[in-house]
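Q: fold the following.
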Amino acid sequence: MKKMLSKKEIKIVLEKLMERFPDAKAELDFTNSFELLIATILSAQCTDVQVNKTTSTLFKELKTPEDYIKLSEEELGTRIKSCGFYKTKSKNILETCKLLIENHNSQVPDTMEKLTALPGVGRKTANVVLSNAFDTPAIAVDTHVFRVANRIGLANSANVLDTERDLMDNIEREMWSKAHHLLIFHGRRICKARKPLCDICPITDYCFYYKKEVKQ
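A: Model prediction:
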């Protein structure tokens with residue numbers, strides 16, 4: 001069974017990733033917590049690049065929950081179609097906006113419990129919002145974080161929730177949000193899904209995947 005790196009080794013790995021990606025941060029474009037919530041819902045099964053193209057127009061027209069609920073699901077769906085799964089996303093966004101108006105004075109809540117009670121908002125989306133909009137330490141485990149964390153040895157889990165728990169246990173709380181961005185940057189630029197670029201990776205000395213699959 002694959003083991004995890006020690007906390008000391010994980011700290012070194014994160015330091016090396018910070019050296020490689022000093023500007024690691026959220027790559028979704030937003031100016032407030034509401035825009036971030038909408039953008040993150042749209043980002044499910046869609047690239048941040050495509051979401052940003054869509055929201056660059058969307059956010060100029062629609063700025064508040066009240067603006068969104070003036071639209072039908074079909075009308076909103078037309079505006080977000082390029083992000084994929086637009087029918088489901090349109091329904092979730094409109095229902096979320098209604099709940100924000102009815103239950104939260106049109107403001108985005110700042111707790112995991114209240115965020116995940118909104119349609120289309122799971123733990124990953126909630127963690128993104130908590131971390132980036134409210135500066136609450138959080139680790140959002142998307143496909144990149146899940147893949148990279150388990151490849152390297154920062155986690156040793158078969159599912160997203162256990163991976164999140166491993167990372168929270170192995171990384172100092174004040175580093176959770178930064179670690180999230182570092183792992184995403186590393187996953188998008190070097191530790192890619194189909195063909196990781198191990199020849200330019202700064203952490204091969206510590207990576208379980210490299211030692212087992214590449215360095216033979």
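Q: ok, Phe134 - contacts?
A: Counting by Cβ atoms under 8 Å, 6 or more residues apart in numbering, Phe134 makes contact with Ser33, Asp110. Where you see a C-beta, it was placed from the backbone N, CA and C, and this is true even at glycine.
Q: apply 6 Å and report the result again.
A: Neighbour list for Phe134: Asp110 [criterion: Cβ atoms under 6 Å, 6 or more residues apart in numbering].
Q: and for Leu76?
A: Going by Cβ under 6 Å, 6+ apart, Leu76 touches Ser90.
Q: in PDB, could you pull the C-alpha coordinates for the helix or strand harbouring it?
A: Assessed by DSSP states H and E, Leu76 sits inside helix 73-80. Output of helix 73-80 as PDB, limited to C-alpha atoms (Å, rounded to 0.1, in the frame of the first residue of the first chain):
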ATOM      1  CA  GLU A  73     -33.900  29.100 -17.100                       C
ATOM      2  CA  GLU A  74     -33.800  29.100 -20.900                       C
ATOM      3  CA  GLU A  75     -32.700  32.800 -21.000                       C
ATOM      4  CA  LEU A  76     -29.900  32.200 -18.500                       C
ATOM      5  CA  GLY A  77     -29.000  28.900 -20.200                       C
ATOM      6  CA  THR A  78     -28.400  30.700 -23.500                       C
ATOM      7  CA  ARG A  79     -25.900  33.000 -21.700                       C
ATOM      8  CA  ILE A  80     -23.900  30.200 -20.100                       C
END
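Q: okay, buried residues for it please.
A: Residues of helix 73-80 classed as buried by neighbour count (16 or more other Cβ atoms under 10 Å): Glu73, Leu76, Gly77, Arg79, Ile80.
Q: now stretch 209-216
A: Tyr209, Tyr210.
Q: do stretch 86-98 as well
A: Buried-residue list, stretch 86-98, by 16+ other Cβ under 10 Å: Tyr86, Lys89, Ser90, Asn92, Ile93, Leu94, Thr96, Cys97, Lys98.
Q: quick one, the lengthiest helix in the chain and helix 73-80 angle?
A: Ordering each helix of the chain by length in residues (DSSP state H) puts helix 86-103 first. In terms of direction (axes from the mean of the first three to the mean of the last three Cα atoms, to 10 degrees), helix 86-103 departs from helix 73-80 by 110 degrees.
Q: for burial, what's the neighbour tally of Pro65?
A: Per other Cβ atoms under 10 Å, the neighbour tally for Pro65 reads 24.
Q: that one contacts Cys97, doesn't it?
A: Yes - using Cβ atoms under 6 Å, Pro65 is in contact with Cys97, at 3.7 Å.
Q: just the helices in the protein please.
A: For the chain, the helices defined by DSSP H cover 7-20, 33-42, 48-61, 65-68, 73-80, 86-103, 112-115, 123-134, 143-152, 160-170, 176-189, 208-209.
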